[in-house]
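Student: what's the 3D shape of this:
(one chain, ligands or ions: 1)
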Amino acid sequence: MPHRPPSREAGVGSESPNLDFTGTTPYEDYVQADVLTHLQHPLSDDPGEMVFLVTTQVMELWFTVIVHEWETACRALREDRMPVAMDALKRSVRELEALNASWRPLSQLTPGQFNAYRGALGEGSGFQSAMYRRLEFLLGEKSSSMLVPHRGAPRVHAELEKALLEPSLYDEVLHLLARRGHALPRAVLKRDLSQRYEPSAEVEAAWAEIYSGDRDADLARLGEALTDVGELVWRWRNDHLVATRRAMGAKTGTGGSAGVAWLEKRAAKNVFPELWTARSHV
Ligand code: HEM
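Tutor: This next block holds a predicted model:
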């Protein structure tokens, strides 16, 4: 945190913090805490809604940090700067742990407690989170139909469209594997980036080879960092699923889906599929 030299000492000792600022504090100028702590506008009178709203906002902030880390990792991988990519991926693993820990306040929500403000949410649903969608796109889970809800918000739509058309984190990793001599098919390396990544037998064989020898120890470490990411995303999805099952059983979602039945299918997906299936061949 940058500090200005104290203009006047507060309190008795010379070690007391500075109290005297012209205008807003340097902390406020940096953190914008006044903006951040006035973005909470519950839609009901229920006192339990505040933690639902703030948990959602906190998760949006973590999504934003994690997207930033993975975009950093993408650029670094493209430029063969492995240490930079690894640092960003490892930071994202700790951040995913913090993201997942933030389920705690909502994890035991009862249907009665949720019903107290559920109606006020109208058709609002986390399904409409653009930052979560960017996160999924970076994992290779692309879908152009996920842009449709954001047609009315030009900046959000443009950012999401850019993410749809750019290589995912996994695409960048697979290009690195190819540059390092692993035989990956053209269909993988030249794939239509706007489509969902589909698992490939050759990619699975490349990971099995990487994990079997010592030639590519750094790629094996990269594979493990990605496996950590995949596991923690899977855990987020499953924690969300269980919290939803507890809070609303088999009711339909506010976003219009079948609710738990729909989330079960989403949570069953494996992130970076070949990193899991290759393990049977090592
Ligand atoms: C315990 C409270 C919660 C319940 C009952 C719940 C319920 C649901 C349901 C039923 C869906 C499916 C779409 C729909 O029809 O609405 C959904 C999707 C989603 N929710 Fe939640 N949710 C909760 C908390 C949260 C929180 C705190 C976040 C944080 C941002 C979140 C983010 C998401 C996301 C990103 C999706 C889309 C998942 C996907 O596309 O696979 N949810 N939620």
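Student: and the closest residue to Lys251 other than its chain neighbours, what is it in contact with?
Tutor: Leaving aside its chain neighbours, Lys251 sits nearest to Gly259 (5.6 Å; criterion: Cβ to Cβ, 6 or more residues apart in numbering). Just so you know, the C-beta spots here come from the backbone N, C-alpha and C atoms, and that holds for glycine as well. When the contact criterion is Cβ atoms under 8 Å, 6 or more residues apart in numbering, the partners of Gly259 are 244, 248, 250-253.
Student: residue ranges with poor pLDDT in this protein?
Tutor: Scanning the chain with the threshold set as pLDDT under 70 gives 1-13.
Student: re the thing from before, which of the contacts of Gly259 ranks first by neighbour count?
Tutor: Ranked by neighbour count (other Cβ atoms under 10 Å), these have Thr244 at the top, with 22 neighbours.
Student: which phi and psi does that residue have?
Tutor: phi -70, psi -40 (degrees, to the nearest 10).
Student: which residues touch it?
Tutor: 259-260, 263.
Student: quick check, the helix or strand hosting Leu99 touching the ligand?
Tutor: If you go by DSSP states H and E, Leu99 is part of helix 82-101. No. Helix 82-101 lies out of reach of the ligand by Cβ under 6 Å from any ligand atom, never closer than 9.1 Å.
Student: which bits of the protein sit near the ligand?
Tutor: With Cβ under 6 Å from any ligand atom as the criterion, the chain comes near the ligand at residues 55-56, 59-60, 106, 109, 125-127, 129, 132, 240, 243-244, 247-248, 253-257, 259, 262-263, 266.
Student: which single residue in the stretch 151-282 of the chain comes nearest to the ligand?
Tutor: Residue of the stretch 151-282 of the chain nearest the ligand, by Cβ to the nearest ligand atom: Gly253 (2.1 Å).
Student: so where do the helices sit in the protein?
Tutor: Using DSSP state H, the helices of the chain run over residues 26-31, 33-36, 49-78, 82-101, 111-118, 130-138, 154-165, 169-179, 186-189, 201-212, 217-248, 260-267, 273-277.
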